[in-house]
Structure formats: structure tokens, C-alpha cells
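>>> missing the sequence, but the structure's below:
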């Protein structure tokens, strides 16, 4: 898996009291790919989606084979909404308000 994300920057952070290493998804290509297509997400890892402005895009799990928690955040990294998502769900995942960051763990 590290080969898949080898050109991604990483950050280390705490989320809900646990340590995580997050790959930074900061281009349209990286954001479109996200964590879809991976079969296993190592413990303590995830992805941070970074946008240059507030957005209202929706997410879907239709190509993702692992369960994820998706956390939408504002520009100050305050949590707006959290969704527990099931693999291969075609349901649209979108918070009530615009967001600037998303974390998938």
C-alpha cells in the first residue's frame, strides 16, 4: 500500500485520542482516488483531503471495499460532521454545511 501513496505527503496527528499517520490528498486526482481500491487500511493510518476553499462535494463508498469513518472539518480543523460508512455503499455522503478538510480513517 505504501507504494500506492508514495508520492503523497504525510502528517501525524491525533484523532479521537488515537495517533494516526494521514496521507495528504491535495490534488483533484488524489482526491478522486481517495482510499478506493485498497483492500486493507493499516491500523493508525488514513487520508486527509485538503481543499483550498470551502466545498460541498459529496463522497461515496461505491468503489471502497473497507469500512471508513469520514470526518468533515472546517478551515480551523473543527469537526462539522462524522459519518460511519459501509463498504461499497452507493449512498451519497455529504455534510449539511460546506467544509474545507475531510479525514478518512
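Here it is on my side, so go on. Note that the structure is predicted; figures quoted are calculated from it, not measured. Residues are numbered from 1 along each chain as shown.
>>> C-alpha only now, for contacts and for neighbours.
Fine.
>>> What is the burial count for residue 29?
By other Cα atoms under 10 Å, 9 other residues sit near residue 29.
>>> I meant to write residue 68 there.
Around residue 68 there are 19 other residues, counting by other Cα under 10 Å.
>>> hang on, residue 19 in a helix?
No: under the criterion used here (DSSP: H, G, I helix; E, B strand; the rest coil), residue 19 is strand, not part of a helix.
>>> That one and residue 44 touch, don't they?
Yes: judged on Cα atoms under 8 Å, residue 19 makes contact with residue 44 at a distance of 6.2 Å.
>>> Please, which helix or strand holds residue 22?
If you go by DSSP states H and E, residue 22 is part of strand 18-25.
>>> What mean pLDDT does that strand get?
Mean pLDDT, strand 18-25: 96.
>>> What strand or helix carries residue 87?
Applying DSSP H and E, one finds residue 87 in no helix or strand.
>>> The chain: strands as residue ranges?
In the chain, the strands defined using DSSP state E lie at 10-15, 18-25, 45-55, 68-73, 79-85, 99-104.
>>> contacts for the last one?
Surrounding strand 99-104, the residues in contact under the criterion Cα atoms under 8 Å, 6 or more residues apart in numbering are 46-56, 68-75, 77, 80.
>>> what angle separates it from strand 10-15?
90 degrees (axes from the mean of the first three to the mean of the last three Cα atoms, to 10 degrees).
>>> Now do strand 99-104: distance to the chain's middle.
6 Å (Cα atoms, centre = their mean, to the nearest Å).
>>> One more: the fourth one?
Relative to the mean C-alpha coordinate of its chain, strand 68-73 is positioned 6 Å out (Cα atoms, centre = their mean).
>>> cool, and the first one?
Average the C-alpha atoms of strand 10-15, do the same for its chain, and the two points are 12 Å apart (Cα atoms, centre = their mean).
>>> can you check the third one too?
Between the centre of strand 45-55 and the centre of its host chain there is 7 Å, according to Cα atoms, centre = their mean.
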